[in-house]
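[1] Quick one, structure for this:
(chains A, B, C and D)
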Protein chains: 2
Amino acid sequence: MSKRDDILDAATHLFAVKGYQDTSIADISRATGAADGTIFYHFKNKEEILVIILRRIKERILAEFRDNAAKGRFATGLERAENVIRFYLALTAAMETEFMLLFRNYPYQLANINEEARSDLEAVYTCFLDFLTEAIVLGKADGSIDDLPEDKVALVIFGMLSSMVRFRIFNLFPAAAVYPELLLSCRKILSK
Amino acid sequence: MSKRDDILDAATHLFAVKGYQDTSIADISRATGAADGTIFYHFKNKEEILVIILRRIKERILAEFRDNAAKGRFATGLERAENVIRFYLALTAAMETEFMLLFRNYPYQLANINEEARSDLEAVYTCFLDFLTEAIVLGKADGSIDDLPEDKVALVIFGMLSSMVRFRIFNLFPAAAVYPELLLSCRKILSK
DNA sequence: CTCCATCCCGAGCGAGCGCTCGGTACAGAA
DNA sequence: TTCTGTACCGAGCGCTCGCTCGGGATGGAG
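    All right, here's what the predicted structure looks like:
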């Protein structure tokens, strides 16, 4: 493992757990054994570290979603939609640290002033919303899903899911215990 | 208006819009015309400003919810639940700045090390959840709401609502356009 | 008037921050 | 062997931050 990767991994963890602003360069160098100077040899500044981390996260999430979409075969649009939902929940559990970072405020503040960060964050959200919207369109066509504006319903469901994940990751509520009701609620919203 | 209130108002706005960490004492003094020293005459440190702001927000939100509950008369539990939901959406619009602050990460970080902040934040969430849970229990009894664990369903609905409000407040998605579908979804989840 | 409390001011402190820069170590090419 | 490029180090610079402190203005009580 190269020092550069060490730095990215440690920074990902620290930015997620402590937050970007509360993580100093000294924190990262302490966590990696690298000197301050080494960090600025590999990255032009602190902001660039976060931008590159967001890029890595985006690429991994998009790849995972494409993988999942490629291997699934479903009889109805509703089943496809439920697969996307369950996959999102599983992915947020498997990539807990990464989603913790995505659920923080700072990346969105950065997105306002950094074009790369903005497009990467957008891609992550669009990815899930697109797959879900696509499934809803199929379901409306085959009659398994209620006839409602697909992008709006997708956004409502996305909000519901991401809130539960946020609650779970930040230990605000025992949200994992609610997953059965969560899936049931999604089914109620989608079906006629 | 006393200088102390000026400081609290300006700090509320700045903490909400820029974030706690990105707001310096100098920012607050510039916004109020008060000197740095004046701020530390009224508050023992920067953290205390936020703690007092959270206390004020909690008290106002709890009062609003109690007001709403006191004046409402509803035939069914479902109608009562829908009133709570609509009231939450109206309140978040009326107190946009305050909810923007509540949706930031820092207050929760603070809650981990400050008992007052923790209990105030908890009270805000418990307030909404309690009113909604109560309505669901009534609805289950009178048959207007499906027989599901009331606290879990309340949490799912709360998540859905708060996500949409967050999307709207931070301009992430055009979430206000989704409010009709949001209410429809709540009804679908609650009814049999 | 004096005295005291309250409110406010702003220069300046020490600490911590992101970042620079002169330097070292070492591997492979010439 | 010398040269060159890559990786890494850590002292320290310049700056901003939260916060302190000595003092000034005002107003009511004695």
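[2] So what's the gap between the helix ranked longest in chain A and the chain middle?
    What stands out as the longest helix in chain A, according to DSSP state H, is helix A:115-142. When distances are taken as Cα atoms, centre = their mean, to the nearest Å, helix A:115-142 is centred 12 Å away from the chain's centroid.
[3] per-residue confidence averaged over the helix or strand just after that helix?
    Sequence-wise, the next helix or strand downstream of helix A:115-142 (DSSP states H and E) is helix A:150-169. Mean pLDDT, helix A:150-169: 97.
[4] Now do helix A:150-169: distance to the chain's middle.
    Distance, stretch centre to chain centre, for helix A:150-169: 11 Å (Cα atoms, centre = their mean).
[5] Next, the angle from that helix to helix A:115-142.
    Counting by axes from the mean of the first three to the mean of the last three Cα atoms, to 10 degrees, helix A:150-169 points 120 degrees away from the direction of helix A:115-142.
[6] how about helix A:150-169 as PDB, C-alpha atoms only?
    Output of helix A:150-169 as PDB, limited to C-alpha atoms (Å, rounded to 0.1, in the frame of the first residue of the first chain):
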ATOM      1  CA  GLU A 150     -42.300   8.400 -11.200                       C
ATOM      2  CA  ASP A 151     -39.600  10.900 -10.500                       C
ATOM      3  CA  LYS A 152     -41.600  12.400  -7.600                       C
ATOM      4  CA  VAL A 153     -42.300   9.100  -6.000                       C
ATOM      5  CA  ALA A 154     -38.700   8.100  -6.500                       C
ATOM      6  CA  LEU A 155     -37.600  11.200  -4.600                       C
ATOM      7  CA  VAL A 156     -40.000  10.600  -1.800                       C
ATOM      8  CA  ILE A 157     -38.800   7.000  -1.400                       C
ATOM      9  CA  PHE A 158     -35.200   8.100  -1.600                       C
ATOM     10  CA  GLY A 159     -35.800  10.600   1.100                       C
ATOM     11  CA  MET A 160     -37.300   8.000   3.300                       C
ATOM     12  CA  LEU A 161     -34.500   5.600   2.800                       C
ATOM     13  CA  SER A 162     -31.700   8.100   3.300                       C
ATOM     14  CA  SER A 163     -33.200   9.400   6.500                       C
ATOM     15  CA  MET A 164     -33.300   6.000   8.000                       C
ATOM     16  CA  VAL A 165     -29.700   5.300   6.900                       C
ATOM     17  CA  ARG A 166     -28.700   8.600   8.400                       C
ATOM     18  CA  PHE A 167     -30.500   7.800  11.700                       C
ATOM     19  CA  ARG A 168     -28.700   4.500  11.800                       C
ATOM     20  CA  ILE A 169     -25.200   5.700  10.900                       C
END
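[7] same for that helix, what does it pack against?
    Contacts defined by 3 or more Cβ pairs under 8 Å, 6 or more residues apart in numbering or on different chains; DSSP states H and E place helix A:150-169 against helix A:77-94, helix A:96-102, helix A:115-142, helix A:179-190, helix B:150-169, helix B:179-190. Bear in mind the C-beta positions are built from the backbone N, C-alpha and C, glycine included.
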